[in-house]
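# just coords:
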């Protein structure tokens with residue numbers, strides 16, 4: 001009987017961990033030590049008593065690495081007047097078959113509004129974790145991102161032109177403490 005209880009407890013713990021892992025924000029909160037375990041247990045779709053799930057979450061939190069954000073050595077700038085361009089040489093970002101880059105206002109491509117965007121360019125110690133943090137910060141500011149990418153020390157996010165200055169500040173703040 002004791003063996004059955006232990007296996008059931010391990011199963012509940014494993015199910016709780018899997019359920020928590022389906023919610024990255026919850027795992028980040030567990031790492032930071034800011035989660036109400038009982039509320040989180042109620043939130044998760046785990047078949048078990050709330051107190052038992054809360055205990056499993058508490059143990060999971062103890063096993064996770066601590067919340068250790070690091071500042072990135074990077075520089076964020078913005079370039080306005082971004083939209084679809086004809087050639088890759090003009091592009092600051094290519095997604096699928098669409099190349100986005102700076103266009104000249106007198107080229108007559110400013111009609112549909114897609115060209116009236118701003119590219120945020122971050123260079124330096126940027127990677128997928130930095131992009132995740134930047135996109136999260138922009139989401140919290142209710143700034144829509146139309147395209148984004150990161151590769152080899154360069155990160156690009158395309159936002160509405162009027163959101164450019166606020167977006168730069170949000171991305172700079174995000175890059176000051178990227179959770180790895």
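On my side now, so go ahead. The model shown is predicted, which means the values in this text are computed figures rather than measured ones.
# distance of the most centrally placed residue in the chain from residue 178?
With distances taken as CA atoms, centre = their mean, residue 132 lies nearest the centre of the chain, 2.6 Å away. According to CB to CB, to the nearest Å, residue 132 and residue 178 sit 8 Å apart. All C-beta atoms are positioned from the backbone trio N, CA, C, and that covers glycine.
# kindly report the same for residue 167.
17 Å.
# repeat for residue 93
Counting by CB to CB, the gap from residue 93 to residue 178 is 21 Å.
# residue contacts, residue 147?
93, 95, 98, 100, 156-158 (CB atoms under 8 Å, 6 or more residues apart in numbering).
# residue 167 and residue 178: which is more packed in?
More neighbours surround residue 167 than the other of residue 167 and residue 178, with 26 against 20 (other CB atoms under 10 Å).
# tell me which element that one is part of?
Following DSSP states H and E, one finds residue 167 within helix 164-176.
# name the helices or strands packed onto that helix?
strand 74-84, strand 117-124, helix 128-140, strand 154-160 (3 or more CB pairs under 8 Å, 6 or more residues apart in numbering; DSSP states H and E).
# quick one: buried residues of it?
Of all the residues in helix 164-176, those buried under the rule 16 or more other CB atoms under 10 Å are 164, 167-168, 170-172, 174-175.
# no further questions, thank you.
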